[in-house]
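Engineer: Return a 3D structure for these sequence lines:
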Amino acid sequence: MTGDLLGLVAAVRGTRALVVGDAIVDRYLVGTPAGMCREAPVPVLDLTGAHDQCGGAANVAANLRSLGAEPRLLAVAGADPAGRRLRAALATAGLGSGLLVTDESRPTAVKHRVLAPRQMLLRMDEGGREPVGRRTAATLAARLAEQLSWCDVVIACDYGYGAFTEEVTEVLAASRRRPLLVVDSRTPAVFRAIRPDAVKPNYAEAVALLGQPPLAPEGDRAGQIQDHAGLLLERSGADLAAVTLDRDGAVVLQAGRPSLRTYADGEAKTTVGAGDTFTSALALALAAGADPGAAAEFASAAADTVVRKPGTANCDPAELRRRLAGAGKIQPGGELPAWLTDVPGRGSRVAFTNGCFDLLHGGHVSLLSRAKAFGELLVVGVNSDESVRRLKGPARPVLPLAERMRVLAALGCVDVVVPFAADSPAELIERLRPDVYVKGDDYTRQTLPEAPLVERLGGVVELLSTVGGLSTSKIIREIRALSAVDEQRAGPDRKGA
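Structural biologist: Have a look, this model is predicted:
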């Protein structure tokens, strides 16, 4: 599965995606605490700065571009300072604003977030919630109809700011050759008659659609959604529903098929924009032909990368590759994944080391953790059992290859584990072309056979100090000595027991 997901990182590039809906300015006001207010029991903040980022449908488009797609944004903006800030934020994200419809009668939607260090204090929203006027709706509908023949996927982003009038939704309903349609809406039932290919409600939106009471945070929210899968699909009109549950991952529902789960990985710094990232990645994966389970795993991995960042963030391919590589570190067949051997396109600095790693000890862990500092990805080559026997003798290895790789993969500093059958990793180095080759200082550049190869391929060699007195051979000798002592203490009667 991981190999398929990594392949999607390349497969989604160039996908033509039309985002239609509510563009929002995410405005951040940043300050430092200055005590408590005298007039009321509220904190005082000295503002030190402000910045704008793409929000709502604009953030979906920004994520699409970051992932390598070709997005176009069709949305409404006011003829106001916030509208100008929206266009500036789009330009900063590398997005055009040629399809924005200017409506002088309504303000641009803005979400103001007031931040102190490590804490959001307040959010203030502005922007009209009523449907856009007839003239604006007609312009939106006409531009939408023009763009349908261009795109591979349409993403409808409905945040409740009035873009989806009857005129707009009728274009989607009437299209005979409509592209793939993915809907992210606060009220998915509005799109039921259109029969979207996929919907992506969050938990609150899903239970509202079902008419169910929301559970407490510690409740079985996934189970609640799974128990009402058929009703949710019927009320949304979709073939597929991916319900996001923030820290609990996501539930994927399909008619007549078992539900699927994805799981969040680690603690989030913020959830701002994570749903937009999930929607973007889900739509791209489905457009690339991924099955729903793989598409949801891909989208969850993308969302996991942005929740680790402050503010409204985007996911880029290099980050996503690293995240997906961690989901399946072991390459049991010895083949390196294509994304890793694509040196110009892999987008990450790669460190490489190798060894037998039989009975992993503190010296190994020290070397590996320091090796990771030389690259964004650490690839570890592991000698096969036959190779270890040739190098160390017929009594080795103590642990078979599968166990040695499993232990290495459990280390957080290790990103990819790959076996090799030869006595030297030269062939592996040829394929990987690492930026840095790391070994212990029991070698020198003159005695390390692979050093000239690494340097010829454009890499550098780093020799790190080893932890004195630690070696697998020494550990084995000590174990055998202790075993002999135990046998002597047991006496002749128990030796044959």
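Engineer: On the three-state scheme, A238 is what?
Structural biologist: For A238, the assignment made with DSSP: H, G, I helix; E, B strand; the rest coil gives coil.
Engineer: Oh, that last question was meant for C151, not what I typed.
Structural biologist: Secondary structure, three-state DSSP: C151 is coil.
Engineer: cool, and the one 3 residues further on?
Structural biologist: Three states are possible here, and by three-state DSSP the one that applies to V154 is strand.
Engineer: Look up how far S348 lies from it.
Structural biologist: For V154, the distance to S348 (C-beta to C-beta, to the nearest Å) stands at 32 Å. Just so you know, the C-beta spots here come from the backbone N, C-alpha and C atoms, and that holds for glycine as well.
Engineer: now do L90
Structural biologist: Using C-beta to C-beta, one gets 28 Å for the distance from L90 to S348.
Engineer: And Y203, by the same measure?
Structural biologist: Applying C-beta to C-beta to Y203 and S348 gives a distance of 34 Å.
Engineer: low-confidence ranges in the stretch 201-350 of the chain?
Structural biologist: Residues of the stretch 201-350 of the chain that meet the criterion pLDDT under 70 lie in 264-271, 310-311, 325-328, 339, 345-347.
Engineer: And the strands in it?
Structural biologist: For the stretch 201-350 of the chain, the strands defined by DSSP state E, counting those that start in this stretch occupy 240-244, 250-254, 257-262, 350-355.
Engineer: and R390, which of these is closest to it?
Structural biologist: The closest of the strands of the stretch 201-350 of the chain to R390 is strand 350-355. By C-beta to C-beta, the value is 14.4 Å.
Engineer: which strands and helices sit next to the helix or strand that that closest one is followed by?
Structural biologist: Downstream of strand 350-355, the next assigned helix or strand under DSSP states H and E is helix 362-372. The contact analysis (3 or more C-beta pairs under 8 Å, 6 or more residues apart in numbering; DSSP states H and E) places helix 362-372 against strand 350-355, strand 377-383, strand 436-440, strand 460-464.
Engineer: let's go with 7 Å and repeat that
Structural biologist: Using 3 or more C-beta pairs under 7 Å, 6 or more residues apart in numbering; DSSP states H and E as the contact criterion, the elements in contact with helix 362-372 are strand 350-355, strand 377-383.
Engineer: can you list the ones you listed in a markdown table and add mean neighbour count and distance to T139?
Structural biologist: As requested, the helices and strands packed on helix 362-372 are exported to a markdown table (neighbours: other C-beta atoms under 10 Å; distance: least, C-beta to C-beta, whole Å):
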| stretch | mean neighbour count | distance to T139 |
| --- | --- | --- |
| strand 350-355 | 24 | 49 |
| strand 377-383 | 24 | 47 |
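Engineer: Please identify which of those strands is closest to T447.
Structural biologist: Nearest of the helices and strands packed on helix 362-372 (C-beta to C-beta): strand 350-355, 15.4 Å.
Engineer: which residues make contact with the closest one from outside it?
Structural biologist: 367-368, 371-372, 374-375, 377-381, 425, 429, 432, 434-439 (C-beta atoms under 7 Å, 6 or more residues apart in numbering).
Engineer: so how far is stretch 142-149 off the chain centroid?
Structural biologist: Stretch 142-149 sits 31 Å away from the centroid of its parent chain (C-alpha atoms, centre = their mean, to the nearest Å).
Engineer: Can you give me the buried ones in that stretch?
Structural biologist: Neighbour-count burial for stretch 142-149 flags 143-144, 147-148 (criterion: 16 or more other C-beta atoms under 10 Å).
Engineer: sorry, back to before: with distance to A338 as extra columns, can I get the strands of the stretch 201-350 of the chain in JSON lines?
Structural biologist: Conversion of the strands of the stretch 201-350 of the chain to JSON lines gives the following (distance: least, C-beta to C-beta, whole Å):
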{"stretch": "strand 240-244", "distance to A338": "27"}
{"stretch": "strand 250-254", "distance to A338": "26"}
{"stretch": "strand 257-262", "distance to A338": "24"}
{"stretch": "strand 350-355", "distance to A338": "14"}
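Engineer: now, of the ones you listed, which is deepest in the fold?
Structural biologist: Scoring the strands of the stretch 201-350 of the chain by mean neighbour count under mean count of other C-beta atoms under 10 Å gives strand 240-244 as the most buried, with a mean of 26.
Engineer: Next, the angle strand 257-262 makes with that strand.
Structural biologist: Interaxial angle of strand 240-244 relative to strand 257-262 (axes from the mean of the first three to the mean of the last three C-alpha atoms, to 10 degrees): 30 degrees.
Engineer: follow-up on the earlier one: which stretch among the helices and strands packed on helix 362-372 approaches D22 most closely?
Structural biologist: Across those, D22 has its closest neighbour in strand 377-383 (37.8 Å, C-beta to C-beta).
Engineer: got the contact list for the nearest residue to D441 once chain neighbours are set aside?
Structural biologist: Closest residue in space to D441, ignoring its immediate chain neighbours: L463 at 4.6 Å, by C-beta to C-beta, 6 or more residues apart in numbering. Neighbouring residues of L463 by C-beta under 7 Å, 6+ apart: 439-441, 443.
Engineer: buried subset of these?
Structural biologist: Among the contacts of L463, the ones that count as buried by 16+ other C-beta under 10 Å are 439-440.
Engineer: so which of the contacts of L463 comes closest to R135?
Structural biologist: Looking across the contacts of L463 and measuring by C-beta to C-beta, the closest to R135 is K439, at 69.8 Å.
Engineer: In three-state terms, label T48 for me.
Structural biologist: Recorded secondary structure, T48: strand (three-state DSSP).
Engineer: Next, the contact list for it, please.
Structural biologist: 30-32.
Engineer: swap in A173?
Structural biologist: Each residue near A173 by C-beta under 7 Å, 6+ apart is listed here: 193-194.
Engineer: in whatever helix or strand it lives in, what's buried?
Structural biologist: Element membership for A173 (DSSP H and E) is helix 166-174. Within helix 166-174, the residues that count as buried by 16+ other C-beta under 10 Å are 167-169, 171-172.
Engineer: What strands line up against the helix or strand just after that helix, and which way round?
Structural biologist: For helix 166-174, the following helix or strand on the C-terminal side (DSSP H and E) is strand 180-185. Strand 180-185 pairs in its sheet with strand 153-158 (parallel), strand 198-199 (parallel), by DSSP bridges.
Engineer: Check the ones you listed for me and report the most buried one.
Structural biologist: strand 198-199 (a mean of 28).
Engineer: which other residues reach that strand?
Structural biologist: By C-beta under 7 Å, 6+ apart, the residues outside strand 198-199 that reach it are 182-183, 188, 236, 238-242, 282, 286.
Engineer: Return a ChimeraX selection command for the buried portion of those residues.
Structural biologist: Typed into ChimeraX, the line below selects the buried ones among the contacts of strand 198-199, using 16+ other C-beta under 10 Å:
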select :182,183,188,236,238,240,241,242,282,286
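Engineer: Now distance to I476 too, for the contacts of strand 198-199, in CSV please.
Structural biologist: CSV is the format used below for those (distance: C-beta to C-beta, whole Å):
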residue, distance to I476
V182, 57
V183, 61
P188, 62
S236, 61
A238, 60
D239, 59
L240, 55
A241, 56
A242, 51
L282, 51
L286, 53
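Engineer: show me what contacts the residue nearest the centre of the chain?
Structural biologist: With distances taken as C-alpha atoms, centre = their mean, the residue of the chain nearest its centroid is A302 (2.3 Å). Neighbouring residues of A302 by C-beta under 7 Å, 6+ apart: 277-278, 281, 315, 320.
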